[in-house]
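*Asks:* for reference, the sequence and a predicted model appear below.
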Amino acid sequence: MSRYLLERLASGAAVMLGVLLLVFALIHLVPGDPVEVMLGEHARPADREALRESLGLDKPLLEQLSDYLAGLAAGDLGDSLRSRRPISAMLAERIPNTAYLAVAAFAMAIVIGVPAGLFAATRPGTAADIGAMSVALAAVAIPNFVLGPLLVLVFSFALGWLPVSGAQSAASIVLPALTLGTSLAAVLSRMTRSTVLEVLGQDFVRTALAKGLSRSQVVRRHALGNALLPIVTVGGLQLGALLAGAVITEKVFEWPGIGLLLVDSIRNRDYPVVQGCVLLIAGTYVIVNTATDLVYAWLDPRIRLRG
Amino acid sequence: MARPGRAAAGGAERGPGRPIPPGRPGAPSPWGFWLPVAVLALWCVSALLGFWFSGASRFVDLPRILAPPGGGLDVSGWLGFDSLGRSVLLRLVEGSTTSCTIALGVVSAVLAAGTVVGAVSGFIGGWFDHLVIRVIDIFLAFPGMLLAIALAGALGPGVDNVVIALSAVGWVGFARLTRAQTLSLRRQPHVTAARALGVPAGRIIAVHVLPLVAGPLIVEATFAIASAVIAEAGLSFLGLGVQPPRSSWGSMLLEGAHYMLVAPHLVIAPAVAIFLVVWSINVLGDRFRDHLDVRR
């Protein structure tokens, strides 16, 4: 266990370092002079020099990198060019919104996806199965920015049940969470269906049935438990992907999370904030992925004991 | 590779339609084949037509602002008009040109780059392979769309930058796939024999390795086209992609969202277009994979 744990943590740390380097490089990818792009062509030379100095862009590249890493280690991500506020504070006030959205979407995906997969797996080849899986296939084909406006059209405008955008009332979360959770629900239902079908073909299921257990008991006690492992993995890895999807979903619904901050900052050419947002999302993704692998190893002795 | 779960779930995460259920529901119906084929044929034809109609699709006609879809002899009015009185149908046609050219451009770029990097890395091994693996891991550590948004945001909007951003994100999957396949092929007898006969490494890769990797690569490329269509529309939806007056399905959705209450057709038309194209590619990709029986 410990060897696998160390290996996995080391590779996670190496990847994290690479993510830091890429995020650091981001501002140097801006074509031309980043200071001119941020301030516009007509800025006074003195202002430009001041910004260049405050961003450290006048120093050698390696020194910039070490300053950046040292700042990060101290929890300092720099200040926003626009609001002059510390970026860490701006991120901190957005994190709860994005976390709320991600958790709601994740919960919705599990509540819809796993039962749908079970439903299909226990009726393989029937019209119900084909219907459910066709819906799932269609659901993965709908990107968030297509599904979101369509849901608004139906539930906010045509039916008038739910608010269009923003985060004012408790009902505001429903459409964004549904938008963000749908593709995950589809993936989970397909995954659940295939793993449960596989388990149902095993010898111990036949034995359980031969002993006189009812089909629903077998599914509940034997099939679901064994099918859980791949579902946990996919769920964990998809939680990371959910965070990326949240960027677009937050834009669709003007949901005040990290993703909206990222998109708005790109539009304002506030690159230090862009770096902060990308770092936060990618960092969370790396941590969630590493944690998923570890949980997986903990659940499955074959992996834990192999190393 | 000490990466449990990654191989199985990585697929599920990137390509729609993964993983493969062992018992696929029912026998595929002819509808499930000819409908997607027809949609994609229409997409390609309309992409070609878009080169002709780019002038007409940008024609501003103020009296027709937000006019609803109508029949009649004037084809340009069938899907209604947008907030500048431009024909939604013609803008959809121009949008298909945008999505088709960008998707094909991105997929050919990533296919070429990923295959070369993956094959060389898997074939020669050593420090170069270690380096490539590290770089691949770092790129995979980013959710693809996030990296594309960040790159497009830094590079600035425009068709070229969309292609660059999406290619920078997309090559990784192909490199990983080609490398894995090459690793398992390089110890095969026919490769050893070729090596013993003194065939140069480049020729071994081109003649004895790549043809055997082609099947999985083509399947992967099919799904990559769908991803590129989604990503292009997504970037344009965020305002980071194709810029006006050029039309993109993503920017049509963004503009249409402002007028949803009065002119829902502005949202419905591009939404249906994106959905149909992506769905068709996924369905055909699934069929194609089953046909080649590519299992990873």
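*Replies:* Happy to help now that I have it.

*Asks:* quick one, what contacts the closest residue to A:Pro163 other than its chain neighbours?
*Replies:* Take A:Pro163 and drop its neighbours on the chain: the residue closest to it by Cβ to Cβ, 6 or more residues apart in numbering or on different chains is A:Ser172, 5.1 Å away. In short, each C-beta sits where N, CA and C put it, glycine included. The neighbours of A:Ser172, taking Cβ atoms under 8 Å, 6 or more residues apart in numbering or on different chains as the test, are A:Leu162, A:Pro163, A:Ser165, A:Gly166, A:Phe253, A:Trp255.

*Asks:* select only the buried ones of the residues you listed in PyMOL?
*Replies:* If you want just the buried ones from the contacts of A:Ser172 in PyMOL, going by 16 or more other Cβ atoms under 10 Å in any protein chain shown, the selection is:
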select buried, chain A and resi 162+163+165+253+255
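
*Asks:* from the contacts of A:Ser172, pick the one nearest chain B.
*Replies:* A:Ser165 (9.5 Å; Cβ to the nearest Cβ).

*Asks:* how about the contacts made by B:Val163?
*Replies:* B:Ile102, B:Gly105, B:Val106, B:Ala109.

*Asks:* per-residue confidence for the third one?
*Replies:* Just to be clear, that refers to B:Val106. With respect to pLDDT, B:Val106 scores 96.

*Asks:* ditto for B:Gly71
*Replies:* In this model, B:Gly71 carries a pLDDT of 69.

*Asks:* likewise B:Leu79?
*Replies:* For B:Leu79, the model assigns a pLDDT of 83.

*Asks:* test my guess that it contacts B:Val93.
*Replies:* No: proximity of B:Leu79 to B:Val93 does not meet the contact threshold set by Cβ atoms under 8 Å, at 10.2 Å.

*Asks:* next, format the contacts of B:Val163 as CSV and append secondary structure, distance to B:Ala141 and neighbour count.
*Replies:* Formatted as CSV, the contacts of B:Val163 follow (DSSP: H, G, I helix; E, B strand; the rest coil; distance: Cβ to Cβ, whole Å; neighbours: other Cβ atoms under 10 Å in any protein chain shown):
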residue, secondary structure, distance to B:Ala141, neighbour count
B:Ile102, helix, 25, 25
B:Gly105, helix, 26, 18
B:Val106, helix, 21, 27
B:Ala109, helix, 22, 17
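
*Asks:* closest to A:Asp264 among these?
*Replies:* Checking those against A:Asp264 by Cβ to Cβ gives B:Ile102 as the nearest, at 24.8 Å.

*Asks:* how much space between that closest one and B:Gly153?
*Replies:* Relative to B:Gly153, B:Ile102 is positioned 17 Å away (Cβ to Cβ, to the nearest Å).

*Asks:* same check on A:Ala171?
*Replies:* For A:Ala171, the distance to B:Gly153 - Cβ to Cβ - is 32 Å.

*Asks:* before we move on, what about A:Ala73?
*Replies:* When distance is defined by Cβ to Cβ, A:Ala73 is 26 Å away from B:Gly153.

*Asks:* and residue 270, what is it in contact with?
*Replies:* Picked chain A for this. A:Met38, A:Ser80, A:Leu81, A:Arg82.

*Asks:* other chain: chain B
*Replies:* So B:Pro270 contacts A:Val146, B:Leu92, B:Gly95, B:Ala233, B:Trp249, B:Gly250, B:Met252, B:Leu253, B:Gly256 (Cβ under 8 Å, 6+ apart).

*Asks:* switch to 6 Å and redo it
*Replies:* B:Trp249, B:Met252, B:Leu253 (Cβ atoms under 6 Å, 6 or more residues apart in numbering or on different chains).

*Asks:* tell me which element it falls in.
*Replies:* helix B:265-292 (DSSP states H and E).

*Asks:* now residue 162. Nearest residue, chain neighbours left out?
*Replies:* By default, I'm working from chain A. A:Phe155 (4.7 Å).

*Asks:* you looked at the wrong chain, it should be chain B
*Replies:* Using Cβ to Cβ, 6+ apart and skipping the chain neighbours, the partner closest in space to B:Val162 is B:Gly241 (5.0 Å).

*Asks:* pretty sure that neighbour contacts B:Leu235?
*Replies:* Yes: B:Gly241 lies in contact with B:Leu235 (Cβ atoms under 6 Å); the separation is 3.6 Å.

*Asks:* overlap in contacts of these two?
*Replies:* In contact with both B:Gly241 and B:Leu235: B:Val162, using Cβ under 6 Å, 6+ apart.

*Asks:* where does the stretch 151-300 of chain A dip in pLDDT?
*Replies:* Regions of the stretch 151-300 of chain A meeting the criterion pLDDT under 70 cover residues A:167.

*Asks:* what does it put close to chain B?
*Replies:* A:153, A:157, A:187, A:193-194, A:197-198, A:233-234, A:237, A:241, A:244, A:248, A:251, A:263, A:266, A:274, A:278, A:281-282, A:285-286, A:293, A:296 (Cβ under 6 Å from any Cβ of the partner chain).

*Asks:* re the thing from before, make TSV out of the contacts of A:Ser172 and add secondary structure and distance to A:Val218.
*Replies:* Below are the contacts of A:Ser172 laid out as TSV (DSSP: H, G, I helix; E, B strand; the rest coil; distance: Cβ to Cβ, whole Å):
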residue	secondary structure	distance to A:Val218
A:Leu162	coil	40
A:Pro163	coil	44
A:Ser165	coil	46
A:Gly166	coil	47
A:Phe253	helix	42
A:Trp255	coil	42
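
*Asks:* picking up where we left off before, how close does the residue nearest to B:Val162 get to B:Arg91?
*Replies:* Following Cβ to Cβ, the distance that separates B:Gly241 from B:Arg91 is 15 Å.

*Asks:* with neighbour numbers in mind, choose between the two.
*Replies:* Neighbour count, other Cβ atoms under 10 Å in any protein chain shown: between B:Gly241 and B:Arg91, B:Arg91 has more, with 32 against 28.

*Asks:* find the nearest non-adjacent residue to that one, please.
*Replies:* B:Ser247 (4.4 Å).

*Asks:* OK, contacts around that neighbour?
*Replies:* B:Ser57, B:Arg91, B:Glu94, B:Gly95.

*Asks:* helix, strand or coil for it?
*Replies:* Secondary structure assignment for B:Ser247 (DSSP: H, G, I helix; E, B strand; the rest coil): coil.

*Asks:* may I have the phi/psi pair for it?
*Replies:* The phi and psi values for B:Ser247, taken as degrees, to the nearest 10, are phi -100, psi 140.

*Asks:* got the confidence number for it?
*Replies:* Value for B:Ser247, per-residue pLDDT: 88.

*Asks:* give me the distance between it and B:Ile65.
*Replies:* B:Ser247 is 17 Å from B:Ile65, by Cβ to Cβ.

*Asks:* also A:Gly148?
*Replies:* Taking Cβ to Cβ, one finds A:Gly148 at 25 Å from B:Ile65.

*Asks:* okay, helices next: where are they in the chain?
*Replies:* Using chain A here. Listed in chain order, the helices of chain A (DSSP state H) span A:2-26, A:34-39, A:45-55, A:61-73, A:87-121, A:127-141, A:144-151, A:174-200, A:203-210, A:215-218, A:224-253, A:258-267, A:271-299, A:301-304.

*Asks:* please refer instead to chain B.
*Replies:* Using DSSP H, helices in chain B cover B:6-14, B:31-53, B:88-124, B:126-140, B:144-155, B:159-185, B:189-196, B:201-203, B:210-237, B:249-257, B:265-292.
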